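1. Output the structure for:
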Amino acid sequence: MQAIGIIPARYASTRLPGKPLVDLAGQSMIQRVVAQARQASLSRVIVATDDERILAHVRGFGGEAVLTSADHPSGTDRIWDAYQQLQTTADCIINIQGDEPFIHPAQIDALVRLFDQPQPPQLATLVKPVVNKEELFSPHLPKVVRDAAGHALYFSRHPLPYQRQQDPANWLQHHRYLRHIGLYAYRPDVLAEITQLPPSALELAESLEQLRWLEHGYRILTAETELETIGIDTPEDVERALRYLRAQ
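-> Residues are numbered from 1 along each chain as shown. The predicted structure follows:
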């Protein structure tokens, strides 16, 4: 079973320009992501970037990288561009976020295992139990509801489900909520199809790309993790990551 990890890495960022090259205690963020991904059950780990500086940096530390168009509207489109350039075949492609330098190899492997079966899923992603009210009501941490077989029914920035008979302050006492971890896996043929889909009404309403796939009839299988990750979007997140590293 061949699984390829592709890490989309843009230079432009509204809140943190040059984010992949930010120094985190002697290593760039993208170097740390690559190092973590290489510990997973992947045959290759490739950085897909739109910037020559990131390309040169990744190749400089011995990583594999390809230069993609700067016009891609999403990381999914950038990953499809990179995969086509590789001129190889794979059973699944893992989309590893380029701003999560502490991604756990076990989280990547949880998705890879979903594809190592006679009928692999079309798409897959990770979910994690919500642990407090701050997570539950944060619009920055999308929530997900699933069917009995573990397929995603819907993603929302609002807590789902709404508990009509309970005070919102007590919702966590009466339901096991799940939040979405933005690690995706695709069958290559499905990746080719979803990159041709136009933006959907639900996607535009919630600003969540995966709703486009659900709205067009694709199924997203989920794997559950208890492991936490630290995403980096702002200078404050960089400081938080540095504190985490100092504590190790």
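
2. tell me the SS of the spatially most distant residue from the centre of the chain?
-> Taking C-alpha atoms, centre = their mean as the measure, the residue most remote from the mean C-alpha position of the chain is Gln165, 34.0 Å away. With DSSP: H, G, I helix; E, B strand; the rest coil as the basis, Gln165 sits in coil.

3. for the closest residue to Gly98 other than its chain neighbours, phi and psi?
-> Excluding the flanking residues, the one nearest Gly98 by C-beta to C-beta, 6 or more residues apart in numbering is Ala9, at 4.0 Å. All C-beta spots, glycine's among them, are computed from the backbone N, C-alpha and C. Main-chain torsions, Ala9, degrees, to the nearest 10: phi -140, psi 100.

4. Quick check: beta-bridge partners of Ala9?
-> Thr49 (DSSP bridges).

5. need the contact list for it.
-> Neighbouring residues of Ala9 by C-beta atoms under 8 Å, 6 or more residues apart in numbering: Pro20, Ile30, Val47, Ala48, Thr49, Asp51, Ile54, Val58, Gly98.

6. on that earlier part again, list the residues that contact the residue farthest from the centre of the chain.
-> Here Gln165 is in contact with no residue (C-beta under 8 Å, 6+ apart).

7. just use 411 as the starting number from now, easier for me
-> Shifting the count to begin at 411 puts that one at Gln575.

8. how near is it to His584?
-> 8 Å (C-beta to C-beta, to the nearest Å).

9. And Glu603, by the same measure?
-> 39 Å.

10. Please apply the same query to Ser451.
-> Taking C-beta to C-beta, one finds Ser451 at 38 Å from His584.

11. Next: Gln527.
-> When Gln527 is compared with His584 (using C-beta to C-beta), they lie 34 Å apart.

12. Also Thr498?
-> For Thr498 relative to His584 (C-beta to C-beta), the value is 48 Å.

13. between the two, who's got more neighbours?
-> Thr498 (13 against 10; other C-beta atoms under 10 Å).

14. Would you confirm that that one contacts Ile456?
-> No - the criterion here is C-beta atoms under 8 Å, and Thr498 misses it with Ile456 at 10.0 Å.

15. got any residues that touch both of these two?
-> Going by C-beta under 8 Å, 6+ apart, residues that sit against Thr498 and also against Ile456 are Ile414.

16. which residues sit in contact with Ile506?
-> By C-beta under 8 Å, 6+ apart, the neighbours of Ile506 are Gly415, Ile416, Ile417, Val443, Ala447, Val455, Ile513, Ile518, Leu593.
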